[in-house]
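[1] Give me coordinates for this.
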Amino acid sequence: MKRFLIGQYGGFNAQKQQRDFRDGFWGVEACMFQSDEDARLLAEEAERGGFSLGVHYPFRQRDRGFRRDALFLSFDLHVRNAAIAQIEQELAELSMIKPRYVLFHYPKPVILDDRVNWEQWRFADPSEFISERTMSASAFQHRTEQLFRWLTEKGRHYQFTPVLEFDALNRYIYEDRFLEEMLTVYPSIRLCLDTGRLFMQELIDPYFQAVPVLQRYAKYSYLVHLWTVNRFDPIGSYHHPVLPSCDPDAGWAPIERFMRIIHEENPQVHVLFEHRSDRITDRELDDCYAWCDSLLS
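    Sure thing, here's the model as predicted:
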């Protein structure tokens, strides 16, 4: 369990910290904090508990017009520059908590396969996605390489690991080898694999398979966002905790298979429980942690 994390989203929740965190866990991932006081409480708790902090960008919730995800691949130069400026501002402000990593969704905007019906995919607003036919593979590659150079420089300057969390993926990522080449050329940049999102895309996108993506990209991953969902009730079961009782034959994501692949490719990966722990009992939460620990040992 020494590589396990919990999430604190929207602010520092002392009750969640006491119930969900365990001695020996690696740390806490923080996102969308609403006040300096919450940031201070988190930093003090980390220092007192001797654990590490990661940030899911953005760390601070900004004005109403602030986009949660940085659209650093946008066609619009103004939008790209604004995204970079917002990230730069936040990185400068993060010195008070000294995060070990800062995570960004990628690609953003998401490049959607035109052959697929994406009505069930969750987007905050239409600016977060574009059609594959409007961005060529060469344009995607050019902007990605620019991003990797910039993130490598900022990671070195501010002393954090840049982590890119896969959002919905198109064939530029799951068929082409370009991203693997970039991850080799820029080894300080790592990935985050989201188990629930990978399973959801497999349900929505007939051209996508989660297992080959895991087999290809797990070795480059710093982090797993771990949760499950049931194909028969994707809304009601969204971000459900992973439990041994969540049988794939009953519609749940094949978490055991996913985690075995990840562990085989990358035994040093960190695991964030990105789940709704309020849906289960204390005993079930213990079972969740123990089961996941067994899958990674």
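[2] quick one: the strands in the chain?
    4-9, 27-31, 52-56, 101-106, 110-112, 129-131, 161-166, 190-194, 221-226, 270-273 (DSSP state E).
[3] Report the buried residues of the first one.
    Across strand 4-9, burial judged by 16 or more other CB atoms under 10 Å covers F4, L5, I6, G7, Q8. (Each C-beta comes from the backbone N, C-alpha and C, glycine too.)
[4] Looking at these, which one is closest to E180?
    Taking CB to CB as the measure, L5 is the one of the buried residues of strand 4-9 closest to E180, at 25.7 Å.
[5] could the buried residues of strand 4-9 go into a markdown table alongside distance to L285 and pLDDT?
    Formatted as a markdown table, the buried residues of strand 4-9 follow (distance: CB to CB, whole Å; pLDDT from 0 to 100):
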| residue | distance to L285 | pLDDT |
| --- | --- | --- |
| F4 | 12 | 98 |
| L5 | 14 | 98 |
| I6 | 10 | 98 |
| G7 | 14 | 98 |
| Q8 | 16 | 98 |
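[6] Make CSV out of the residues you listed and add distance to E284.
    CSV is the format used below for the buried residues of strand 4-9 (distance: CB to CB, whole Å):
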residue, distance to E284
F4, 16
L5, 19
I6, 15
G7, 18
Q8, 21
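[7] Out of the residues you listed, which comes closest to S52?
    L5 (8.3 Å).
[8] And the closest residue to F258 other than its chain neighbours, how far from H142?
    Distances taken as CB to CB, 6 or more residues apart in numbering place T195 nearest to F258, at 5.3 Å, with adjacent residues excluded. Computed as CB to CB, to the nearest Å, the T195 to H142 distance reads 31 Å.
[9] ditto for L179
    13 Å.
[10] Those two: which has the busier surroundings?
    Of the pair L179 and H142, L179 is the one with more neighbours under other CB atoms under 10 Å, namely 24 against 12.
[11] Can you give me every residue that contacts the more buried one?
    T144, Y172, I173, Y217 (CB atoms under 8 Å, 6 or more residues apart in numbering).
[12] Just to be sure, which of those residues are found in helices?
    T144, Y172, I173, Y217 (DSSP state H).
[13] quick one: which of those residues is nearest to E132?
    Y172 (7.9 Å).
[14] So that closest one sits against S138, correct?
    No. Between Y172 and S138 there is no contact under CB atoms under 8 Å: 10.0 Å.
[15] which of those two has more neighbours?
    Y172 (21 against 10).
[16] mind checking how far that one is from I204?
    18 Å.
[17] swap in R115?
    12 Å.
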